[in-house]
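In: I would like to see how this sequence folds:
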Amino acid sequence: MNTLMLKKEQWLKISFVAITVWFIWFSNSHFDEYTIRILNNIAIFIILAVSYNLINGVTGQFSLEPNGFVAIGAYVAALLLTSPEAKQYQYAIVDPYPFVLTLHANFVVALLLGGAFAATLAACLSFPVFRVRGDYLAIVTLGFGFIIKILAINVPEVTNGSLGINDIPEFSNLYWTGGIAMIAVIVVLNIINSKFGRAMKAVRDDEDAATAMGVNTFKAKTLAFCTSAFFEGVGGGLLAALLTSISPDLFDFFFTFQLLIIIVLGGLGSTTGAIIGTVLVMGGSEWMRFLDEPMNLLGYETTAMPGMRMVVFSLGLILIMLFAREGVMGKRELTDLLKWRRKGGK
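Out: Down below sits the predicted model:
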């Protein structure tokens, strides 16, 4: 029976990969440019959401740092992808440092370095950060995000200050964003289902009890923190190569708050929920854009109401959280629901 269950889970993973690859190909071939742009955005936020969920949902550490790590990945990728000529003429506040003009790498290397820089910084931060818990941890990581934004503004010799970096080559397409999103989901699920994932869940459920049972809680939290930071850095690089322009204002606290909404809506601790939450938040807000425009309601012409879609969208979020207090998926994954159905659940 266990062997049969294992085979079914393996087939489920293979089906997930096959369906994702087919959807990427179909979307790139049949959808218009606007729809593909939205799908690119959704894929990038899936990377960010599933990685953020690893530290916040699976490990139970209330961290508010994603905007800082995304900013690091975005700036590293932007500096490596932008040509020296483009950097030279857009640094208007002060002249850039000489090494900034020499930085250059291809797209893959830029993404990996962006993720590596974010993960390295996360490893260094883990020593002071994980000396505290709960609300204090949230305050410390929140401060880190503000520090990164302030540095981006006040070190114009590297980041071009508040003007940001422009003319970044647009490398991100649906094959890159969708493919890396698929890799991120698979890696995170494999970590969750490994012994390290069980240690992370033990930390979430009761850190003192986990320590008493011999679990190295610091190692578990650091692994989750660094893995999350790596994929957030990669996601930041993809975002920079999609937008072709970045500035410090892009990475304020609202960026973290948006990711927090996604993982809470989908269900803290559920990778499947993080994916569903991303589609609902990022796709739903775009789909309801028609609410901002003039409409004909039962023969009555309404005027344009900018912001109405966010009012309706916020009411929808409130209703979902009232009737599904643990989010859409809770802590469950798709495989858990399939097992439940086979046991006779309704």
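In: What's the per-residue pLDDT of V158 here?
Out: pLDDT, V158: 89.
In: Skipping its backbone neighbours, what lies nearest it in space?
Out: Setting aside the residues directly before and after it, V158 is nearest to V100 in space (CB to CB, 6 or more residues apart in numbering), at 5.9 Å. Every residue, glycine included, has its C-beta placed from N, CA and C.
In: That neighbour contacts L79, doesn't it?
Out: Yes. Assessed by CB atoms under 8 Å, V100 is found in contact with L79 at 6.4 Å.
In: hey, what's in contact with both of those two?
Out: Taking CB atoms under 8 Å, 6 or more residues apart in numbering as the contact rule, V100 and L79 both touch K87, V158.
In: related to what we said a few turns ago, how about the contacts made by the residue nearest to V158?
Out: Residues counted as contacts of V100 (CB under 8 Å, 6+ apart) are L79, K87, E157, V158.
In: what's the helix of greatest length in the chain packed up against?
Out: Taking DSSP state H as the criterion, the chain has its longest helix at helix 2-30. With contacts taken as 3 or more CB pairs under 8 Å, 6 or more residues apart in numbering; DSSP states H and E, helix 2-30 sits against helix 33-53, helix 174-192, helix 334-342.
In: Could you rerun that using 7 Å?
Out: Identification of packing neighbours for helix 2-30 by 3 or more CB pairs under 7 Å, 6 or more residues apart in numbering; DSSP states H and E yields helix 33-53, helix 174-192.
In: Please identify the most buried of the ones you listed.
Out: helix 33-53 (a mean of 23; mean count of other CB atoms under 10 Å).
In: could you give the angle of that helix to helix 2-30?
Out: For helix 33-53 against helix 2-30, the angle by axes from the mean of the first three to the mean of the last three CA atoms, to 10 degrees is 150 degrees.
In: can you offset everything so residue one is 34?
Out: Done: numbering now begins at 34, and the last item shifts to helix 66-86.
In: Give the next helix or strand downstream of helix 66-86.
Out: Following helix 66-86 in sequence order, the next helix or strand is helix 99-114 (DSSP states H and E).
In: Counting by contacts, list what that following helix packs against.
Out: Applying 3+ CB pairs under 7 Å, 6+ apart, one finds that helix 99-114 contacts helix 66-86, helix 140-162, helix 167-187, helix 250-276, helix 286-299.
In: which residues sit against the following helix or strand past the last one?
Out: Beyond helix 286-299 in the direction of the C-terminus, DSSP H and E gives the next helix or strand as helix 304-311. Contacts with helix 304-311, where a contact means CB atoms under 7 Å, 6 or more residues apart in numbering, come from 75, 78-79, 82-83, 86, 218, 221-222, 225, 295-296, 298-300, 360-362, 366-367.
In: Relative to D200, which of the helices and strands packed on helix 99-114 is closest?
Out: Nearest of the helices and strands packed on helix 99-114 to D200, taken as CB to CB: helix 250-276 at 11.4 Å.
In: Show me what that closest one is packed against.
Out: If you count contacts as 3+ CB pairs under 7 Å, 6+ apart, helix 250-276 packs onto helix 66-86, helix 99-114, helix 140-162, helix 207-225, helix 228-238, helix 240-245.
In: wait, which of those is closest to F251?
Out: Ranking the helices and strands packed on helix 250-276 by proximity to F251 (CB to CB) places helix 140-162 first, at 7.6 Å.
In: before we move on, the earlier item: from the helices and strands packed on helix 99-114, which stretch is densest packed?
Out: Comparing the helices and strands packed on helix 99-114 by mean neighbour count (mean count of other CB under 10 Å), helix 250-276 comes out on top with a mean of 26.
In: Name the spans of this protein whose pLDDT lies under the cut-off.
Out: Scanning the chain with the threshold set as pLDDT under 70 gives 34-42, 328-332, 335, 337, 368-379.
In: Nearest the middle, which residue of it would you pick?
Out: What sits nearest the mean C-alpha location of the chain, by CA atoms, centre = their mean, is L81, with 1.0 Å.
In: so how far is K364 from A51?
Out: A51 sits at a distance of 27 Å from K364 (criterion: CB to CB, to the nearest Å).
In: OK, contacts around G340?
Out: Contacts for G340 (CB under 7 Å, 6+ apart) come out as D325.
In: rewinding a little: so if I had to pick from A51 and K364, which one is more boxed in?
Out: Comparing A51 with K364 by other CB atoms under 10 Å, the one with more neighbours is K364, at 16 against 10.
In: nearest residue to that one other than its sequence neighbours?
Out: Nearest non-adjacent residue to K364, counting by CB to CB, 6+ apart: G302, 4.0 Å away.
In: Now the one you found. Its backbone dihedrals?
Out: phi 100, psi -10 (degrees, to the nearest 10).
In: distance of it from P99?
Out: Taking CB to CB, one finds G302 at 17 Å from P99.
In: between those two, who's got more neighbours?
Out: It is P99, of G302 and P99, that has more neighbours when counted by other CB under 10 Å, with 29 against 26.
In: Do I have it right that the more buried one meets Y85?
Out: Yes. Shown here, P99 and Y85 form a contact pair, counting by CB atoms under 7 Å, at 5.2 Å.
In: Can you check which residues contact both of these two?
Out: E265, L292.
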